[in-house]
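*Asks:* sequence and predicted model, in that order:
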There are 2 protein chains.
Amino acid sequence: MYLALRKYIDQYTGTAISDDDFELIKKAFIPKKIRRKQYLLQEGEVCKYLSFITRGAMRQYTVDDKGIEHVVRFGIENWWMADRESFELAVPTIYYIDAWEETELLQINSTNLRYLKNTVPTMKALTQEMEKRSYIAAQKRIHSAISLTAEERYLDLLKQNPVFFQRFPQNMIASYLGISPETLSRIRKNYLHSN
Amino acid sequence: MYLALRKYIDQYTGTAISDDDFELIKKAFIPKKIRRKQYLLQEGEVCKYLSFITRGAMRQYTVDDKGIEHVVRFGIENWWMADRESFELAVPTIYYIDAWEETELLQINSTNLRYLKNTVPTMKALTQEMEKRSYIAAQKRIHSAISLTAEERYLDLLKQNPVFFQRFPQNMIASYLGISPETLSRIRKNYLHSN
DNA sequence: CGCGGGTTTGATGATGCTCAAGCCCGGTGG
DNA sequence: CCACCGGGCTTGAGCATCATCAAACCCGCG
């Protein structure tokens, strides 16, 4: 389980991390398993952990007054999950995070994360890289949401993150795209004919 | 002009920065003035500077095939402007940034920024704080874009950033909200009657 | 075999867009 | 000082897109 994290670190830094450094990292993270449809985080809680997914698939979403779910983020192997607003500012979250597949996580709390950033420079670089990428991805998603039609957003997602279509059901993808499941179904039908 | 930056730094760190440190900062930033409707960045260029706005109002947007502008971000005094994807990865940008009001900026390139982060700890903390806030704001905007109706997005923006309505024309606000100017006009009409 | 979650399909309607015209108002020049 | 101009805003009519509701379908699984 920790091996996945080590691989991830080596890959993103482009060098092999020392055994000593990795020992520190190992101590800071707690493993956790979570079953299908179980919650990692629920509305109103404070998000206490930043979680690295070593196996599985999760989603982060809100539930509105009508009970409709709105998916803001998906996560699979080698992705980090947390409501960063709640995690970093220690305020109650508005999100739910649950597992769609059986999922294995490595969790770190903010105290340990701060400590790790200060003692293992690699870890600092890593989190910064992660934050940078998250922001860029978020910016792209905003652009797509305000500039593109439903159909264009679908094609964009298919290009950027085809893996989501293999791991999550269509109604969740629809929610992620901000459209109804029926509309997504009809859009896809179009593309089945025309290729 | 530099005073605005100093005030901003002191405010966000909660302490007064030393004269020595601020001297370093001053040397790293280049002042720039930019007139109404002039470009700070154009599609295809690489974004070479991170700019701190000391006075004025700007927007970041794309132009689609039909020539329609899509505003992804506004910036006013004490905000930072840049296409971070282009700035940090040194890739050509898809955005335009131009000034809506007469604007004064302090610009820093990535070399100087990296140097400053390493020599002035305050500066490192500041950029991290800025990045954190940007990400959280982006996440909120995504949530609003996929979960809310045009009307709800309008009310949300009115609550979160009323200042935009004072500084930018309605058609740009509409674009920022991802709706047509006509729709925004009609939504606003509703709220004039009902209060 | 029947159940349940997910998907598809159809009919209908709401929401928001487009196009076009008119209005408002601040700025400019005669 | 007034007429005119242009940019932005409003209003209306018609239309496209997408949501909603309901029913049927599909398929893996107990």
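*Replies:* Received it, and whenever you're ready, just let me know what you need.
*Asks:* buried residues in whichever helix or strand residue A:185 is part of?
*Replies:* Assigned by DSSP states H and E, residue A:185 falls within helix A:181-193. In terms of neighbour count (16 or more other C-beta atoms under 10 Å in any protein chain shown), helix A:181-193 has its buried residues at A:184, A:187. The C-beta positions use only the backbone N, C-alpha and C, and glycine is treated the same way.
*Asks:* now tell me what touches stretch A:87-101 from outside.
*Replies:* Outside of stretch A:87-101, the residues within contact range by C-beta atoms under 8 Å, 6 or more residues apart in numbering or on different chains are A:34-50, A:56-63, A:69, A:72, A:81-83, A:85-86, A:110, A:167-169, A:172, B:132, B:136.
*Asks:* and these, which are buried?
*Replies:* Among the contacts of stretch A:87-101, those scoring as buried are A:34, A:40-41, A:45, A:47, A:49-50, A:56-62, A:72, A:81-83, A:85-86, A:167-168, A:172, B:132, B:136 (criterion: 16+ other C-beta under 10 Å).
*Asks:* keep only those of those that are in strands.
*Replies:* Judged by DSSP state E, the buried ones among the contacts of stretch A:87-101 include A:34, A:40-41, A:49-50, A:57-62, A:72, A:81 as members of strands.
*Asks:* which strands or helices does the helix holding residue A:185 pack on?
*Replies:* helix A:150-160, helix A:170-177 (3 or more C-beta pairs under 8 Å, 6 or more residues apart in numbering or on different chains; DSSP states H and E).
*Asks:* kindly reformat these as CSV containing distance to DNA strand C and mean pLDDT.
*Replies:* CSV is the format used below for the helices and strands packed on helix A:181-193 (distance: least, C-beta to the nearest atom of the strand, whole Å; pLDDT from 0 to 100):
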stretch, distance to DNA strand C, mean pLDDT
helix A:150-160, 11, 96
helix A:170-177, 3, 97
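*Asks:* the closest residue to residue A:161 other than its chain neighbours - how many residues pack around it?
*Replies:* Once flanking residues are discounted, residue A:161 sits nearest to residue A:74: 7.8 Å by C-beta to C-beta, 6 or more residues apart in numbering or on different chains. Neighbourhood size, residue A:74 [other C-beta atoms under 10 Å in any protein chain shown]: 21.
*Asks:* how distant is the longest helix that chain A contains from the center of its chain?
*Replies:* Counting residues, the longest helix found in chain A (DSSP state H) is helix A:121-147. Remark: helix A:121-147 is offset 11 Å from the chain centroid, using C-alpha atoms, centre = their mean, to the nearest Å.
*Asks:* and it, what's buried?
*Replies:* Result for helix A:121-147 [16+ other C-beta under 10 Å]: buried residues A:122-123, A:126-127, A:131-132, A:134-147.
*Asks:* chain A against DNA strand D: which residues are in contact?
*Replies:* A:149-151, A:178-180, A:182-183 (C-beta under 7 Å from any atom of the strand).
*Asks:* biggest separation within the residues you listed, which pair?
*Replies:* Across these, the longest distance by C-beta to C-beta is 15.9 Å; it joins A:149 and A:182.
*Asks:* thinking again about what came up before, just say helix, strand or coil for the residue nearest to residue A:161.
*Replies:* strand (DSSP: H, G, I helix; E, B strand; the rest coil).
*Asks:* residue contacts, the residue most central in space within chain A?
*Replies:* For chain A, residue A:75 is the residue whose C-alpha lies nearest the centre (C-alpha atoms, centre = their mean; 3.3 Å). Counting by C-beta under 8 Å, 6+ apart, residue A:75 touches A:53, A:57-60, A:81.
*Asks:* closest to DNA strand C out of those?
*Replies:* Among the contacts of residue A:75, residue A:59 lies closest to DNA strand C (C-beta to the nearest atom of the strand), at 11.3 Å.
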